[in-house]
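[1] Sequence plus predicted model, see below.
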Amino acid sequence: MIEILMAAYNGEVYIAQQIESILRQTEQDWHLTVQDDCSTDRTAEIVRGYQAAFPEKIVYRKNGINLGGAKYNFYEMLLSADADYIMTCDQDDVWLPDKIEKTLAAMKDLELQYGTGNPLLVHSDLMVVDSSLQVISGSMFLSQELDSSRNTFSELLVQNQVTGCTMMINRALLKMFPERQPGNMIMHDWWAALIAAAFGAIGFVKEPTIQYRQHCENEVGAKNTKKLGYNLKRALKMAAARKVLIDTYLQAGDFARVYRDQLTGAQLELACAYAGMGGYSKLKKWKTLRVYRLWKSSFKRRFGQMLFC
């Protein structure tokens with residue numbers, strides 16, 4: 001059984017379209033839990049309507065208090081999940097009909113190579129669309145200059161390649177999430193990717209499996225890193241750029257603390273070296289990046305690392 005976890009908040013505009021796309025999946029061995037973070041619009045009414053129509057497939061839950069963001073809502077759902085495979089789902093995208101089928105097939109291939117007892121993760125490319133589902137980019141990985149092969153522990157410490165709305169994890173990975181959410185965890189998908197890279201394996205479906213909707217309410221969105229305007233804005237916002245890097249150092253420190261007894265000596269040294277970056281001189285920061293190969297995926301990103309670290 002595949003458990004799909006959807007974090008919802010004020011999603012009345014798009015959530016029905018997303019649920020309909022899940023109902024149309026070619027693979028039907030799934031169960032959907034929608035957890036509402038105290039919406040003030042018609043989200044509850046819409047989802048309860050689907051729950052009444054498909055009681056064996058869909059469950060609606062509402063948090064007692066607003067948790068304050070999707071990452072907190074997702075994390076709470078992950079802690080209560082108990083299926084063999086878990087997928088996380090945004091409320092405003094549209095899944096292509098064979099998303100679950102293709103992702104599950106890739107997961108089965110990983111299991112044949114690494115066994116079901118190891119933490120495994122599969123993710124995919126995304127088709128970027130606007131609010132009306134008009135295509136902006138046929139491939140988010142191309143438009144953002146991402147490289148799916150960059151999935152080692154050192155590479156994922158500095159830059160996440162896994163988009164949670166395309167992600168499937170197995171039960172072995174789920175069991176490695178700590179019972180209390182780490183305070184410096186950036187997002188649940190990034191943490192899951194680090195677990196898989198450190199202790200298991202990551203698989204990738206090259207073709208898009210979802211229409212990834214971009215609109216003004218997106219908490220996290222796709223940015224075209226090839227556009228001059230985007231890169232100029234990033235360069236001018238030095239404080240924000242530094243904070244993004246500092247957040248990765250803090251997350252690495254949390255990861256090292258949580259899994260200190262499970263990481264290899266080399267992995268622990270790597271995570272601790274990166275976690276300490278905030279206290280290093282500029283020259284030591286550059287040396288650490290070079291020695292431990294803690295580089296981002298493109299020349300522009302690496303230049304930004306060296307400039308803002």
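    Structure's in. What do you need?

[2] My guess is N160 contacts A196. True?
    No - with contacts counted by CB atoms under 8 Å, N160 stays clear of A196, the gap being 11.8 Å. Quick note: C-beta positions are derived from backbone N, CA and C, even for glycine.

[3] The two: which is more packed in?
    Taking other CB atoms under 10 Å, N160 and A196 do not tie; A196 has more neighbours (29 against 20).

[4] element containing the more buried one?
    helix 188-199 (DSSP states H and E).

[5] Residues contacting that helix, please?
    71, 74-75, 78, 88, 118-121, 123, 151-153, 155-157, 160-164, 167, 169, 173, 176-177, 182, 185, 202, 251, 255, 259, 262-263, 267 (CB atoms under 8 Å, 6 or more residues apart in numbering).

[6] quick one: average confidence on that helix?
    When pLDDT is averaged over helix 188-199, the result is 98.

[7] So the chain: which segments form each domain?
    2-213, 228-308 (automatic domain parsing).

[8] Can you tell me which of those is packed in deepest?
    domain 2-213 (a mean of 19; mean count of other CB atoms under 10 Å).

[9] follow-up on the earlier one: worst mean pLDDT among the domains of the chain?
    domain 228-308 (a mean of 90).

[10] Which pLDDT value belongs to H215?
    Looking at H215, the pLDDT reads 77.

[11] Please enumerate the helices of the stretch 201-309 of the chain.
    Assigned by DSSP state H, counting those that start in this stretch, the stretch 201-309 of the chain shows helices spanning 228-236, 238-258, 265-275, 282-291, 299-308.

[12] so which of those helices comes closest to A8?
    Across those, A8 has its closest neighbour in helix 238-258 (25.4 Å, CB to CB).

[13] Not counting the closest one itself, show me its contacts.
    By CB under 8 Å, 6+ apart, helix 238-258 touches 157-159, 178, 182-186, 190-191, 194, 198, 234-235, 263, 268, 271-272, 274-278, 304-305, 307-309.

[14] can we see that at 7 Å?
    Counting contacts by CB atoms under 7 Å, 6 or more residues apart in numbering, the residues outside helix 238-258 that touch it are 157-158, 178, 182-186, 194, 234, 268, 271-272, 274-275, 277-278, 304-305, 308-309.

[15] Stretch 264-283 now?
    Under CB under 7 Å, 6+ apart, the answer for stretch 264-283 is 153-154, 157, 198, 246, 249, 252-253, 255-256, 260, 263, 285, 288, 292, 294, 309.

[16] how long is it from one end to the other?
    With CA to CA, to the nearest Å as the measure, the ends of stretch 264-283 fall 27 Å from one another.

[17] Stretch 142-149 too?
    One end of stretch 142-149 sits 13 Å from the other (CA to CA).

[18] Identify those among the contacts of helix 188-199 that sit within strands.
    Counting by DSSP state E, the contacts of helix 188-199 place T88, L120, L121, H123, I169, I202 in strands.

[19] What is the nearest of those residues to T103?
    Nearest to T103 among the ones in strands among the contacts of helix 188-199, with distances taken as CB to CB, is H123, at 8.1 Å.

[20] Surely that closest one and G164 touch.
    No - if you go by CB atoms under 7 Å, H123 and G164 don't touch, sitting 8.3 Å apart.

[21] What does the nearest residue to E145 once chain neighbours are set aside show for phi and psi?
    Residue nearest to E145 in three dimensions, not counting chain neighbours: S298, with 4.8 Å by CB to CB, 6 or more residues apart in numbering. Per-residue torsions, S298: phi -140, psi 160 (degrees, to the nearest 10).

[22] so what's W30 closest to, chain neighbours aside?
    I2 (4.3 Å).

[23] Thought A83 was touching the one you found, still the case?
    Yes - contact criterion CB under 7 Å: I2 and A83 qualify, at 6.2 Å.

[24] what do the two both touch?
    With CB under 7 Å, 6+ apart, I2 and A83 have no common neighbours.
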